[in-house]
Every structure is written in C-alpha cells, then in structure tokens.
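K.L.:
Here is a sequence together with a model predicted from it:
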Amino acid sequence: MERSELNLLIQKNYKKIFLLSVKMLKNYEDAEDATQEIFMKVYQNIDKFKQESKLFTWLYRIALNHIYNFSNKKRNVKNLNEKNQNFYIRTNETPEKVLYEKELYNKLNEIIEELSPKQKEVFLLRYYNGLKFDEIAKILKKSLGTIKSNYFFAMQKIKKELEKEQLLETKEVS
Amino acid sequence: MKCITDKKLLDYLNGEVKSKQKGKIARHINKCETCQRRLNEWKNVLNITEDLVQTDKDSIKFPQFDTIINKPQIEPFISEESSFSWLKYWLKPAIATAAVAVLVLFAIIFVPLKEKVSVNPDYVVFENEYKYTEAHLIDDEYIIAFEQSMLKEIYQDEELRNKILYGTWEYLYDIIDLLSDEDIKFFENEINKTKTT
C-alpha cells in the first residue's frame, strides 16, 4: 500500500467520515477530534491492512469502531442541540417553506435518535454517506438481507413518525 | 399476483430488485390501485428523507482538510514512510519470542530436577574369566551355591587352605563367620588329621 494512495483515499472521504462522526457523536468538536484520530489510526495501522477487503471498507470499519469507542468515553459530553442554529436558511425560499423544512429537519433528527443503533448505523451510511447496501453489508460484516431489514425497519419508523406529524400530505410527490 | 410487501416496494424504489421481478412488480402496480398508492407513499417518504438529509448536510460546516490532516500527530505519517517500518512490524513478535525464551531459561535453571532415588541393588555384578558381565539375583539358593563354590575352592587350593588353617590368611575371620557349624567341624577334623600325621 502506497502512502500516496492512502492520502488520496483520505482526501476523498474525510468529509464523509466527518459527517458520520457528527451524526453519531452529535458534537462538532468531538467529531473533528474523532475524525483526526480515525485518520491517525488508519496511518498507524496501514501495515495491518489485508488485501481481503477494499481499503475503503477498511477505512469505514475503523471509523465506526473508533466513533463507538469515542462516544462511550464521552457519554456525558454536551449534545449537539443547536438544531435551529445549524439549520441552513436558504434566502431564496419563502419563509413558509423554510419553516416547514425546519420543522421536518427537527423531526428527522428526533426520529434518527429514536432508531436502534443498528438501524441508525445503516440509515446514516445509506443517506449521509451515500453507500450502497452491499457496501454497508461489507463494512458492518453482515448479510445483505440483514442490512436491508435494518433499513426497512428504520424507514418504517420514519414513515410512521411523518404520518403522525401529518408531514407527508403537505409534500407533493415529485 | 398478491399485493407487494412494503419491503419489496422499498427495494423496488431503491433499485434493489432483479430485472425479472422488476417487470412483475411494475405490471402489478399498474393494475393495483392500493399498491400504487402505497408506492407513492413510500416515494414520498424517500424524497422527504433525501431532501432533509441533503438540507442537514448543507448546514454542516466541514472543517478544512488541512486542519484535519496537518496536525503534528498525523504529519509524520503523511510525509514519509518510515525506514524502520520493518522494525515496527517485527518488534512485537520478537519481544514475544524473547519473553518465551527467557521464561524457558528460568524454568530450566530454577526449577529443581527430581532427585534420583537411590535404591540398593538386589543383584551383584562381576566379571568372569571370559570378561562377560554377569548379574545374579542374590537369593538363598545363590548364596548357598556361592558358599559351596568358595569352600570347594579353598579345599582344592592347598596353599590357600594352609593359609587359612595356620592363620596367615588376612580374611580368615570373615571366612570363619561364613562357615556353618558342620564345615567348622569338618575343618577341625582336617586339622587334627594333619596334626596327627
């Protein structure tokens, strides 16, 4: 494994890893620290990387393990509760739509928090990291069927919550 | 065809269905209003989710790549591949082997060996005239045979017999101890005979 190849991989994926860290740890500073530590681990352990899996899969595995360890260590640390502050207000949209999206956004984050750890993992990797189901299965070392089931139950929960809040009807099907 | 399950509908929307099944599902949806409605519901859910995730992603301020990567802890890894990487690879196995070797050495040096139990042998070994080594069990039969052979030897060897009889032989008393009463009487008779003659 050449360093240049690894550097390139990290450059391509650092945003995704950071995004995953943010969503899992719910804290920007922690996410930044965790991302940094993940890359440090990757550089330190690159010699142990076996060619059995893709480097990309290996990177995600290290990231998830580290994020879990990190969150276990920092359970008591403040949550990322500045949902409203983080919400990006697009100026070219009507206030009603912004309000509506803000509502949805808050709801979504609440729902994500209510998912089981496995469902959350699959949901984040699928939607935030844009991974395919078979890639997720390889990263989490589970069967494709299990991953799809986790995804299905997560989506079912999301659907139920959106229906409960009557958020589904207002959005037109594109 | 039965109505399509929610799970299958989701797979269908995510493009996770094989082409054969895809055609079947599409045909069914065209005919079945319930499934059409459910499909639209799921489509709606997926669209909203994707929109929201996108909005969420847009709202996140990503740190610069340099700030993540150009930290003192990471820099040495990026700059150059260490020339001692082989040492790093072999260090742990080498230490483990050395530790095992030291333990074995300690065991050999400090653990006392079992003391050899000395037992008095119940046999006697001697060389015969042909230089063969013979071993005999010391039982009563052997002792009797041995004594008889010794007596025979003494009796046949005149010089030795005289030495024993006239007291110049150094092992006299040892031999006398070995002799039975009958033997002593026999010798006394012999001595008396010689005296008379």
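P.N.:
Received, thanks. Treat the numbers as computed from the prediction; the structure is a model and nothing was measured.
K.L.:
Could I get the buried residue list for stretch B:180-197?
P.N.:
Of the residues in stretch B:180-197, those with enough neighbours to count as buried (16 or more other CB atoms under 10 Å in any protein chain shown) are B:Asp183, B:Phe187. In this view, the C-beta of every residue, glycine as well, is placed from N, C-alpha and C.
K.L.:
Around B:Asn120, how many other residues sit close by?
P.N.:
B:Asn120 has 4 neighbours, counted by other CB atoms under 10 Å in any protein chain shown.
K.L.:
for it, helix, strand, or coil?
P.N.:
Secondary structure assignment for B:Asn120 (DSSP: H, G, I helix; E, B strand; the rest coil): coil.
K.L.:
so how far is B:Ile144 from it?
P.N.:
Noted for B:Asn120: a distance of 21 Å to B:Ile144, by CB to CB, to the nearest Å.
K.L.:
Check B:Asp183 too.
P.N.:
Taking CB to CB as the criterion, B:Asp183 is separated from B:Ile144 by 12 Å.
K.L.:
One more: B:Gln36?
P.N.:
Separation of B:Gln36 from B:Ile144 (CB to CB): 120 Å.
K.L.:
More neighbours: these two, which one.
P.N.:
The neighbour comparison of B:Gln36 against B:Ile144 (other CB under 10 Å) goes to B:Gln36, with 13 against 10.
K.L.:
Where does residue 52 sit, in terms of helix or strand?
P.N.:
If you meant another chain, say so; for now it's chain A. Counting by DSSP states H and E, A:Glu52 is held by no secondary-structure element, helix or strand.
K.L.:
oops, I was thinking of chain B
P.N.:
B:Leu52 belongs to helix B:33-59 when assigned by DSSP H and E.
K.L.:
That helix - contacts with which helices or strands?
P.N.:
Helices and strands touching helix B:33-59, as assessed by 3 or more CB pairs under 8 Å, 6 or more residues apart in numbering or on different chains; DSSP states H and E, comprise helix A:95-114, helix A:144-164, helix B:6-13, helix B:19-31.
K.L.:
On the three-state scheme, the residue nearest in space to the middle of chain B is what?
P.N.:
With distances taken as CA atoms, centre = their mean, the residue of chain B nearest its centroid is B:Val104 (12.1 Å). Under three-state DSSP, the three-state class of B:Val104 is helix.
K.L.:
helices and strands of chain A: which one has the lowest mean pLDDT?
P.N.:
helix A:83-86 (a mean of 45; mean pLDDT, DSSP states H and E).
K.L.:
no no, chain B
P.N.:
Taking mean pLDDT, DSSP H and E as the measure, the helices and strands of chain B show their lowest mean at helix B:75-79, namely a mean of 56.
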